[in-house]
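In: Sequence and predicted structure, then a few things I'm wondering about:
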There are 2 protein chains.
Amino acid sequence: MGFKKRRVKLEDIARKLNVSIATVSRALDENPRVKPSTREKVFNTAKSMGYMPNQIAKSLSSGKTNIIGVLIPRYDEPFFIEVCRGIDQYARNHNYKILISSSRNSYQFEKENLISFERGLVDGIILSPTHETENVAHLNDLINKGMPMVLFDNIREQVSGADHVIIDDKRASFKAVEFLIKKGKKKIAFIGGIKEKKVFQDRYKGFIAALTKYNIPIHKELILHCNSLHREFEDKEILDFFRHLSITPDAVFACTDNYGLLTMKTLLKTGKKIPEEVAVIGFGDLGLGEVFVPTLTCVSQPSFEMGQKAAELLINQLNEPDEMDHKKTIVRLETRLTEREST
Amino acid sequence: MGFKKRRVKLEDIARKLNVSIATVSRALDENPRVKPSTREKVFNTAKSMGYMPNQIAKSLSSGKTNIIGVLIPRYDEPFFIEVCRGIDQYARNHNYKILISSSRNSYQFEKENLISFERGLVDGIILSPTHETENVAHLNDLINKGMPMVLFDNIREQVSGADHVIIDDKRASFKAVEFLIKKGKKKIAFIGGIKEKKVFQDRYKGFIAALTKYNIPIHKELILHCNSLHREFEDKEILDFFRHLSITPDAVFACTDNYGLLTMKTLLKTGKKIPEEVAVIGFGDLGLGEVFVPTLTCVSQPSFEMGQKAAELLINQLNEPDEMDHKKTIVRLETRLTEREST
DNA sequence: AAAAAAAATACAAACGTTTGTATTATTGTT
DNA sequence: AACAATAATACAAACGTTTGTATTTTTTTT
């Protein structure tokens, strides 16, 4: 006690048993080339000496770290955490660990993080590009260097060497808005997110498509594209929006759960009745909507499954014998509308 | 294109410039032992060849990975995510990355995760033990093997070699309950969490202490220790609790934000007015409380700062020349009561 | 211009594994 | 009992760095 013990290594076991390091290594691997009785001895000695393999040395030797790098735009978004949980679960079941980084919604940080991944710490990368990511050269470069990659959420179709996991945002929002229309709603407001994100563009398209199909006039005034990248500001932005409206909407389609909740909160404050006077639909369905009063109707997005699927695709790539004949696959997961009290 | 490029290594640069590997290594390190003009050449060649250092080889050679292992009981708890953000921020500023794992509230998984950390992948560990963690031998063992460790949240005082980061839970809840008492509340309900967690024990103690100090009778019936480990069940547990009450509380002190929200939701459903008839206080203050109507008064816990502090303590340990004369430090962070509409 | 001092670089071992090939020990065959 | 075939093990290189020591080159001193 009191001294830091030097780590036990293969050599120590080998010396004690008067065998070679190679034999010890193979014994612990249960390689049939070593005699059962020797393996036995090695196992016992390893245990009694408290041997713990050195992962770094293994990685250097094998060229694999069994770590998946995950890069998300922000931590404080339950959607991303949920995706990470999905990745983590699938990865662990396949003997991989995950290393999560946040690009903090910045293209610059995204590049820096990828560079750090490129230093050989990870075997592959799962990534949701930031909204700022216009130029995807850094992604294509990395892929060309042989780094397996899977994109999800805010994908970039120009990245041709990576698999993609997405939902059909346009269709999902079309369905949601159609649902409102069928409830007799005619003045439907749209609360979207940053215009640069593909998911928000698509949700907007779905919204417009639904109104168009049912010949409902589109009021520019009822459309908001939130620009806030942080929770504190979203609040204010939405409050301002509703405060300055001259038309009163009878429904709101919000592109995230949080926007939906903030919308309900604002409406409740101004004395509106939900859903009688105004119906509200959110997007995501990550638990928050169930807590609020009234509970929030949501487009349920399979976040956890997106993570699992992304991990599955990546690990498949890692197991491909020749990474060069990888064929890009795009997985589109199903959403469904979860009706609650707000509609 | 089309072929996976072999990674450029020091040797390739050395060969091209007709110098030794050692010189290249030192040049890139800006070691003064190499002539400025040589360093220049090395830098340029490295850049033009697209050299990217191999982190694994570095780690093997240096014995440091610059990775901090973080083990939390669950992902779907904003508190832990927030702590991780804090750790991440401090760590990145000091050139460390973090590897997050979840013990999924299981002692067994906690041990397994620590074993995987022990394989040399991380330089140190930041950990919130699970509620099941009674026996802390695995922690002390790891520390004795020389693994720096910091505990936070659900700490175990028996772990003598690790630094601790906590808040004064007892005092915080005492203050919160005292606040309710001073508002004239006399029938205060307590919604706690799993009894095994030290934080919940302490919050309970604070609750009792406040009632005792002000001579308020303690109604066993108004006390609930939630046992649920997953969101879906908490909901039901709290609903049941309030449904079967024979005394009507005039205030509720809830040990988490989520309990507070669920409480408000339940009360609102049964037609209670908040805060007029029942006041509610939550614990944590991680954003949810601000969204709800009415907004939730909370004990604000400095989660992000806890993470930063934990990272700071760990990195200090890592920089100690002799880890054996490490003196255990306990950091107790301040909380404050954030008044909102629910009181 | 030779010797000494200083600067720049090269050599080689080390970090702890894995793995292909060579060697030795054991078994089976006649 | 000698030999071949097989089983078991040992040797050594490789993974890509870092770093202490040795060597070479350059500069300074006289």
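Out: On my side now, so go ahead. Numbering: from 1, shown residues only, chains lettered A, B, ... in the order given.
In: Where does the prediction get shaky in the stretch 1-150 of chain A?
Out: Applying pLDDT under 70 to the stretch 1-150 of chain A picks out residues A:1-5.
In: Return the residues of it in contact with DNA strand D.
Out: Contact residues (CB under 7 Å from any atom of the strand) of the stretch 1-150 of chain A with DNA strand D: A:18-23, A:26, A:32-38, A:57, A:60-61, A:63. (Each C-beta comes from the backbone N, C-alpha and C, glycine too.)
In: How about the stretch 101-250 of chain A: which residue is closest to DNA strand C?
Out: A:Gly120 (13.4 Å; CB to the nearest atom of the strand).
In: Tell me which residues touch that residue, please.
Out: By CB atoms under 8 Å, 6 or more residues apart in numbering or on different chains, the residues touching A:Gly120 are A:65, B:7, B:52, B:54-57.
In: With adjacent residues omitted, what lies nearest to it?
Out: B:Asn54 (4.7 Å; CB to CB, 6 or more residues apart in numbering or on different chains).
In: B:Ser25 is in contact with that neighbour, correct?
Out: No. With contacts counted by CB atoms under 8 Å, B:Asn54 stays clear of B:Ser25, the gap being 11.7 Å.
In: My understanding was that A:Ile98 contacts A:Ile67; is that so?
Out: Yes. Under the criterion of CB under 8 Å, A:Ile98 makes contact with A:Ile67 at 7.1 Å.
In: Please name every helix or strand in contact with the helix or strand hosting A:Ser48.
Out: Secondary-structure element containing A:Ser48, defined by DSSP states H and E: helix A:36-49. Applying 3 or more CB pairs under 8 Å, 6 or more residues apart in numbering or on different chains; DSSP states H and E, one finds that helix A:36-49 contacts helix A:10-17, helix A:21-28.
In: Pull the residues that contact it.
Out: By CB under 8 Å, 6+ apart, the surrounding residues in contact with helix A:36-49 are A:8, A:12-13, A:16-17, A:19, A:23-24, A:27-28, A:30, A:34, A:51.
In: of those, buried ones?
Out: By neighbour count, with 16 or more other CB atoms under 10 Å in any protein chain shown, these hold A:8, A:12-13, A:16-17, A:19, A:23-24, A:27-28, A:34, A:51 as buried.
In: How much space separates the nearest residue to A:Asn95 once chain neighbours are set aside from DNA strand C?
Out: Distances taken as CB to CB, 6+ apart place A:Asn66 nearest to A:Asn95, at 6.0 Å, with adjacent residues excluded. Plainly put, A:Asn66 is 12 Å away from DNA strand C if you go by CB to the nearest atom of the strand, to the nearest Å.
In: what does A:Ala254 give?
Out: 52 Å.
In: That residue and B:His164: what is the separation?
Out: When distance is defined by CB to CB, to the nearest Å, A:Ala254 is 42 Å away from B:His164.
In: neighbour-wise, which of those two wins?
Out: Neighbour count, other CB atoms under 10 Å in any protein chain shown: between A:Ala254 and B:His164, A:Ala254 has more, with 30 against 20.
In: wait, doesn't the more buried one sit right on A:Phe283?
Out: Yes. The pair A:Ala254 / A:Phe283 is scored as a contact, 6.5 Å apart, by CB under 8 Å.
In: What is the burial count for A:Ile191?
Out: A:Ile191 has 27 neighbouring residues, counting by other CB under 10 Å.
In: anything in the helix or strand containing it sitting right up against chain B?
Out: In the assignment (DSSP H and E), A:Ile191 maps to strand A:188-192. No. For strand A:188-192, no contact with chain B is found by CB under 8 Å from any CB of the partner chain; the gap never falls below 14.5 Å.
In: now stretch A:276-296
Out: Yes. Judged by CB under 8 Å from any CB, stretch A:276-296 and chain B are in contact via A:287-288, A:290-293.
In: Get me the contact residues on the stretch 51-200 of chain A for DNA strand C.
Out: Counting by CB under 7 Å from any atom of the strand, the stretch 51-200 of chain A sits next to DNA strand C at A:51-54, A:57-58, A:60-62.
In: Quick one: buried ones out of those residues?
Out: By neighbour count, with 16+ other CB under 10 Å, these hold A:51, A:53-54, A:57-58, A:60 as buried.
In: ok so, going back, buried residues, the strand holding A:Ile191. List them.
Out: For strand A:188-192, by 16+ other CB under 10 Å, it's A:188-192.
In: of these, closest to A:Pro148?
Out: Taking CB to CB as the measure, A:Pro148 lies nearest A:Gly192 of the buried residues of strand A:188-192, at 32.6 Å.
In: Do I have it right that the closest one meets A:Cys255?
Out: Yes. Counting by CB under 8 Å, A:Cys255 is a contact partner of A:Gly192 at 4.7 Å.
In: ok, the closest residue to A:Gly287 other than its chain neighbours - how many residues close by?
Out: Distance criterion CB to CB, 6+ apart; nearest residue to A:Gly287, sequence neighbours excluded, is B:Arg231 at 6.1 Å. For B:Arg231, the neighbour count with other CB under 10 Å is 15.
In: for the one 4 residues further on, same thing?
Out: B:Asp235 has 17 neighbours, counted by other CB under 10 Å.
In: Distance-wise, check it relative to DNA strand D.
Out: Using CB to the nearest atom of the strand, B:Asp235 is found at 52 Å from DNA strand D.
In: Could you find the closest non-adjacent residue to that residue?
Out: Using CB to CB, 6+ apart and skipping the chain neighbours, the partner closest in space to B:Asp235 is B:Leu262 (6.0 Å).
In: One more: A:Val331?
Out: A:Val165 (4.9 Å).
In: wait, doesn't A:Asn105 sit right on A:Ser128?
Out: No. Checked against CB under 8 Å, the pair A:Asn105 and A:Ser128 is beyond contact range at 10.6 Å.
In: Looking at those two, which one has more neighbours?
Out: Remark: of A:Asn105 and A:Ser128, A:Ser128 carries more neighbours, 27 against 17, as counted by other CB under 10 Å.
In: residues touching the nearest residue to that one once chain neighbours are set aside, list them.
Out: Of all residues not flanking A:Ser128 in the chain, A:Asp153 sits nearest, at 4.1 Å (CB to CB, 6+ apart). Residues in contact with A:Asp153 (CB under 8 Å, 6+ apart) are A:79-80, A:83, A:128, A:166, A:199, A:306.
In: now, among those residues, which is nearest to DNA strand D?
Out: Using CB to the nearest atom of the strand, the shortest approach to DNA strand D within these belongs to A:Ser128, at 29.0 Å.
In: Now the closest one, what are its backbone angles?
Out: phi -110, psi 110 (degrees, to the nearest 10).
In: what do you get for A:Ala251?
Out: Main-chain torsions, A:Ala251, degrees, to the nearest 10: phi -160, psi 160.
In: Correct me if wrong: it contacts A:Ile274.
Out: No. Using CB under 8 Å, A:Ala251 is not in contact with A:Ile274; the gap is 10.1 Å.
In: Which of those two has more residues huddled nearby?
Out: Per other CB under 10 Å, whichever of A:Ala251 and A:Ile274 has more neighbours is A:Ala251, with 25 against 20.
In: per-residue pLDDT, that one?
Out: Per-residue pLDDT puts A:Ala251 at 97.
In: residues contacting the closest residue to it other than its chain neighbours?
Out: Distances taken as CB to CB, 6+ apart place A:Lys185 nearest to A:Ala251, at 3.8 Å, with adjacent residues excluded. Applying CB under 8 Å, 6+ apart to A:Lys185 gives the contacts A:250-251, A:279.
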